[in-house]
Each structure stands twice: as C-alpha cells, then as structure tokens.
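just a sequence and a predicted model for now, questions to come.
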Amino acid sequence: MTQPAANCPNCGAKIVFRWSASVQTVCEYCKSILVRTDIDLKKVGQVADLPLHSSPVQIGTEGVYGRESFVAIGRIIYEYDQGTWNEWHLMTNNGVSAWLSDAQDEYAVTFAAPGRKVPAEGQFQVGQNYVWDNESYTVTTITKAHYRGVEGELPFEYWGKDDVIFVDLMTENGKFATLDYGDEAPVLYLGVAVAFDDLHLKNLRSFEGWS
Amino acid sequence: MSTSGPTPPGTPQVRSLNCPHCGAALTLRSFGNAANVVCESCHSILDAQDPLLKILQTFKAKATESPLIPLGSRGKIRGTLYEVIGFDIRMIEVEGMPYTWGEYVLFNPYKGFRYLTEYNGHWNDTSILRSLPDLSAGGSSLTYLGETYKHFQSAEAKTTCVLGEFPWQVRVGESASVSDYVSPPRVISRERNQKEVTWSMGEYMTGADIWKAFGLPGSAPSPIGVYENQPSPVSRNMNTIWMAFAVLAIVLVGMLLAFSMFARNEHVFDNNYALDTNVRGESSFVTEVFEIKGHTSAVEVTTSSDVDNNWIYLNYALINQDTGQAFDFGREISYYHGYDDGYWSEGSRSDSVTIPTVPPGNYYLRVEPEADPGRGTLSYSIALKRDVPQFSFFAIALLLLAVPAGLITWRSISFERQRWSESDYPPASVSDYVGSSDSSDD
C-alpha cells in the first residue's frame, strides 16, 4: 500500500495519507481541510476547533472486527438536536474503508453497501421494515444532522453545512444499517452493532480520573 | 461531591461551569456526551452542548425528590466502574393513581451509559439493546435471545423531575409510551416517541447490591410488594422439590412393586363359624393355636358372612401365646339391599383389615361375635394371611412427601398472583386468593 505524502498548502506541514484512497484530509496543525487532486492538495476550508471531545476513540486507535484488524484514520462529527456523534473512518488491514460510529458510546461498524434498493427520502417512518441481503431491518431512529467537524482522512469530499437525514435501522440479530441522504443518491451502510469490549480497541484516548 | 465508591481509581475529572440562571457551580462529568445538564440549585435545564449553557427550561422540584444515590457517586456494576451523572423521576397513572420511579444515569467514558431504576425499593440494572426483540403479532409477548417475555404493562410515562446530566434531551412534563415485557429476573422495555423507538433490558437487583456497589451509608430501603420482574424466591426451589418428589415417588412405587412381588401372601388360618342369634348369652370363643412364621410382617384378617339385610359385629383379639402380646380390633359386616326407585344395596358381605407389624410366633384369636337377637343362624368365616403387601403405608409416605412440594407450589402461585395483580392483566380473584392465603398460612 502506498502512503502518498505532501505538504499542507496553507502552513507547509507534512501531510501523510495513511490510506491511498483518501480524497480529503485535515491538516493536523492548521486545521485546513485539504482535498487531493491527485497528490497536489487544495485547501477548501478550515475547521473550527472540534467540540468537546467525548469519544474514547482517536486517530490511530486500533481494533478488531471479525477476523480483520483496523485502524481509525479519520472522523466526522455530526451534530443533531440531541448533541453530537462520531463516525470514525476505519481502514481495515486489507485496505477496505469502513465506519465505526460512536453515538454516546453505542458502537456500530458499517460498510458502504452500494447496489441495493433503498427508499426515497421522506418515505420512511419509525417501525417500518426493509429487507437487504435477506435480513429484515426495522427503522429505529430518524435523525436530522449536519457536519460539525472533520478530522483525518476521509473517503469523500464533502463539506456542506445543511441538515441531512440519517435513518438508523436494526434487526433482531444485532445487524445495523444507516441510510445517509446527504448525497443526491442515498447511501446505504450495512454492519453490526457491537459491544465496546468486542472491538478490542488499543491506543485509546485516556480520560483523566478514569483508568 | 461523593466519591465513596469501593474502588475509586483516581479522582473524577469534571468541567466546572456556572449556571447562567442562578450562578451556582455546575459540574459536567460525561465530557462531551451530555445533551442536557440540570442545575441542582435552581433546576434550570441547560443545553450542555452550548458553551454558554443556554437555559432550556426551569421547573420546581419538590424537596422530597432527591436521588438515593448522590450524583457523582461511583460504583462497580458487573465489573465496570460507573459514575452517577443524572437522575430523573418518571410517573405513570393507573386508574387515576400516580406511580413514580427514579432513573439514574450511569456513565463510563469507554463503556458508555447504563441506567439504574428504582421503584419502592426494587432496583433494575438497565442497558440499551443492540438488537430488536421479536414482538408477537398481538403484542402480548416478545422473544429475545430465545427467551419469551410476557407483556406486563403499557403506560404513558411523564418526566416529573430531572437532575444532573443526560445524554438525551430531557424536559419536565414530556412523556413517552412505555411497554414492559417480563421474564424474571429480566424485563425488556420499549420506549416510543415520534422519532425513536428504544429497547432496553433491565435485570433485577436488590437495594443491598446497590448499596454495596456504591458504598452508600446505612442500609437500602426495604422493597415494598412484588415487582414486575422480581425473581420469585420459591420458583427455583419449586422445580427442585418437584424433582425430588418425583424421584422419591418413583422409589416408593418401586418399593411398593417389589414388596407386592415378594410378599408371600401366606395363609395361616382359615375357618368357618356360625352364630345362633336365637341363643342368648356368652358367644365368645378362642380359636386353636396357629403359627405365624417368617419375619415380622403385615397380617390381613378377612371376615366374610352371609348377612342379608342384617349385620354382624366381631370383636377380635389376635394373641401371641408365648408373649401375651395382643392386637385388639373390631370389624362390622353389614349388607342391606332392596327396591325403592330401583335396586339398591349398601355395605358388603366381606371385610379385610391389615395389622401392620406382627412378629412371628404361635397365635390364637379370641372372637366375640355380636348381632341383633332373633335373626336365626349367621354363618361367617375368618381367614388370616401373613406377609401381605401394605399399600396404606406407601400412600401415607407419598402424601407426606407431597406436602412440602405442594406448599412451595402454592407459595409460588401466590407470589406470581401478587406480581401480576399490578399488571395490565390482574388475575381474576386476587383479593379472594390473597385473603385465603393469609388464613391457611396460620
């Protein structure tokens, strides 16, 4: 795997892409949002300081999902009327992009699942069922949220400020799905709701007063 | 702030702020996870995500509405250290009666949130489910991880008091529909509003467990009544005792079969006699001596007579010639029959009685027959058999064995009745049942 390197066009700091498919990253020093045009970087915006950090995960946290190990390389913080949640961008040891969502310490690992039929925006309500890959998913939460901050490497280039609809679904056997209506075509993510201990996370953030 | 938990590793880190309403010091314990924080002094509900802590709502709390576990307490629940960061009181109304319970928000920065609920001294350790239960078509039960939960109650739960921090938006006065499904010691609850359905599972805990976990002073308030998912103190015993009963009953039946099979049913005496009722005076006599051999065994005395709309009474004594030991007993044989609205009959022409433990030896019978005078001659026969199988002994043993099992079953049933009397499905005659339970407990 190549690890393309470049310099921040804003402050000159060195930028290393841990994942060759990342199209966006944030300069660790000046918080500029940088977009790859292949290896030249273009500054498209600047992130304000991240909101009060609550996730125990951080860039560089390693863990295990199924038989694969992963490392957190980026994150998006979404804000909604109940607060914020984190979507950690994971890179698995065979180079696949995945997401670890940490919504107030409720964890789920998901993978983009293109090619499935998904309902159009506004066509769903809590309690409705959808079947993907022979699993029946039930809508449990409908959330309106927007980007609050980004950090690290992300697989897409997007920096809108508008509210976007997210639909969370669950099955009777612990499967988890999210529909993201942020793009023109909704994106479906399928995965599993996981217990903190099952992820075997290493290199976690430490909290003062807690060990 | 109390950090009197049994194993506090380090001091809790808090962010200190001041309430924009009353200026009192506020502490934020859950880092960025809180959506709301409630000022403990003036009960303003504040937006914890806003650096300026915008006031969202203020409410008046009653002086009595304070948490049993102080905010900031730390304790270990199932091996993980948690800190109490929030407390709310919720209320449901059933037939115009308010019922309130307390909810404690527990936080660990890695493991997240967990909740404790308390009602009348009954506690539940509650966490959010990661998969959906399978709800039955009518909603009367659900299945989760292969276990069936029965619907207990559905109600609108209204929040009446909030303190501390919450990972979700709380307001006093808002309500959600809550349904509980029980499979003691667990309960699965569904909370539903417009945007969200949340399933959680609670497991019953005693106040003593909570007091120990958080190192609280004094002792926990005693629980009142039976709670919806309180494990029955007898239901586990019930299975064990019925198992024991079954095993012992099988042993008894086996013994009974063996005894019947090996019982020799040996004739030791047979004779025919006649009583002339026209003759007045002493009719008693003794039989010849006969030998009862072998080991000590049960002896069956069978008396038969040709009584016809008549009776005969025989006063017996089975006497050991060598030791003088006597077994006294009396038997009546009566047989009546006739036609009224058809043929009827009453009584029998023969009677058997078993003398349980008769040692071997030389015996004779003293017989003293009685009958109405002037009824002609009544003939009767007496037969003795030794080593006969004894059924009554087994029946009594079985009955005695069944007593504790029956009592425990009965206690279990009344416990379940008490549980379900608080549900949406109260048993038909709870008061009658509970009333009778008190009287027979005496």
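Ah, there it is. Every value quoted in this text rests on a predicted model; they were computed, and no experiment measured them.

and the residue of the stretch 251-400 of chain B nearest chain A?
Closest contact between the stretch 251-400 of chain B and chain A, by Cβ to the nearest Cβ, is at B:V251 (45.8 Å). C-beta here means a position set from N, CA and C on the backbone, and glycine is covered the same way.

so what's the residue count around that residue?
Here the count is done by other Cβ atoms under 10 Å in any protein chain shown, and B:V251 has 12 residues near it.

quick one, phi psi at it?
Here the main-chain torsion angles of B:V251 (degrees, to the nearest 10) amount to phi -60, psi -50.

where does it land on pLDDT?
With respect to pLDDT, B:V251 scores 90.

pull the contacting residues for whichever residue of the stretch 51-200 of chain B sits closest to chain A.
The nearest approach of the stretch 51-200 of chain B to chain A comes at B:G112, 2.4 Å away (Cβ to the nearest Cβ). Residues near B:G112 by Cβ atoms under 8 Å, 6 or more residues apart in numbering or on different chains: A:104-106, A:196.

same thing but 6 Å
Residues counted as contacts of B:G112 (Cβ atoms under 6 Å, 6 or more residues apart in numbering or on different chains) are A:D105.

enumerate every residue touching B:F87.
B:F87 makes contact with B:67, B:104, B:163-164, according to Cβ under 6 Å, 6+ apart.

can we see that at 7 Å?
Applying Cβ atoms under 7 Å, 6 or more residues apart in numbering or on different chains to B:F87 gives the contacts B:67, B:71, B:102-104, B:163-164.

ditto for B:F290
Under the criterion of Cβ under 7 Å, 6+ apart, the contact partners of B:F290 comprise B:268-269, B:363.

who's it bridged to?
Taking DSSP bridges, one obtains B:Y363 as the residues bridged to B:F290.

do the same with B:F113
The residues paired with B:F113 through beta bridges, assigned by DSSP bridges, are B:F107.

B:G32 versus that one, what's the distance?
Per Cβ to Cβ, to the nearest Å, B:F113 is found 13 Å from B:G32.

and for B:V162?
Distance, B:V162 to B:G32, using Cβ to Cβ: 19 Å.

helix or strand right after the helix or strand of chain A with the lowest mean pLDDT?
Least confident helix or strand of chain A, by mean pLDDT, DSSP states H and E, is strand A:40-46 with a mean of 66. Moving toward the C-terminus from strand A:40-46, the next helix or strand (DSSP states H and E) is strand A:62-65.

the domain parsing of chain A - what is it?
A:5-46, A:62-199 (automatic domain parsing).

quick check: longest strand of the chain.
I'll assume chain A. Longest strand in chain A by number of residues, with DSSP state E as the criterion: strand A:135-152.

actually chain B
Once chain B is assigned using DSSP E, the strand that runs over the most residues is strand B:147-166.

whichever residue of chain A sits closest to chain B and B:G361, how far apart?
Shortest chain A-to-chain B distance, computed as Cβ to the nearest Cβ: residue-wise this is A:D105, at 2.4 Å. For A:D105, the distance to B:G361 (Cβ to Cβ) stands at 87 Å.

next one: A:T25
Taking Cβ to Cβ as the measure, A:T25 and B:G361 are separated by 109 Å.

returning to what we had before: got the domains of chain A as JSON lines, with mean neighbour count columns?
Written out in JSON lines, the entries for these read as follows (neighbours: other Cβ atoms under 10 Å in any protein chain shown):
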{"stretch": "domain A:5-46", "mean neighbour count": "16"}
{"stretch": "domain A:62-199", "mean neighbour count": "18"}
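
higher neighbour count, B:V162 and B:G32?
Neighbour tally, B:V162 and B:G32, criterion other Cβ under 10 Å: the higher count belongs to B:V162, 26 against 20.

that one pairs with what?
Each beta-bridge partner of B:V162 is listed here, defined by DSSP bridges: B:D88.

can I assume B:L17 is in contact with B:L26?
Yes: with contact defined as Cβ atoms under 7 Å, B:L17 reaches B:L26; the gap is 4.7 Å.

between the two, who's got more neighbours?
Ranked by neighbour count (other Cβ under 10 Å), B:L17 and B:L26 place B:L26 first, with 24 against 18.

ok, back up a step: quick one: the contacts of B:F290 as a markdown table, columns for neighbour count too.
What follows is the contacts of B:F290, written out as a markdown table (neighbours: other Cβ under 10 Å):
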| residue | neighbour count |
| --- | --- |
| B:V268 | 18 |
| B:F269 | 21 |
| B:Y363 | 25 |
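
closest to A:A177 among those?
Each of those was checked against A:A177 using Cβ to Cβ; the closest is B:V268, at 87.4 Å.

excluding chain neighbours, what is closest to B:L129?
If you skip the residues right next to it in sequence, B:L129 has B:W199 as its closest partner in space, 4.2 Å away by Cβ to Cβ, 6 or more residues apart in numbering or on different chains.

picking that back up, quick one: list the elements packing against the longest strand of chain B.
Using 3 or more Cβ pairs under 7 Å, 6 or more residues apart in numbering or on different chains; DSSP states H and E, the elements in contact with strand B:147-166 are strand B:36-38, strand B:80-94, strand B:97-108, strand B:141-144, strand B:175-183.
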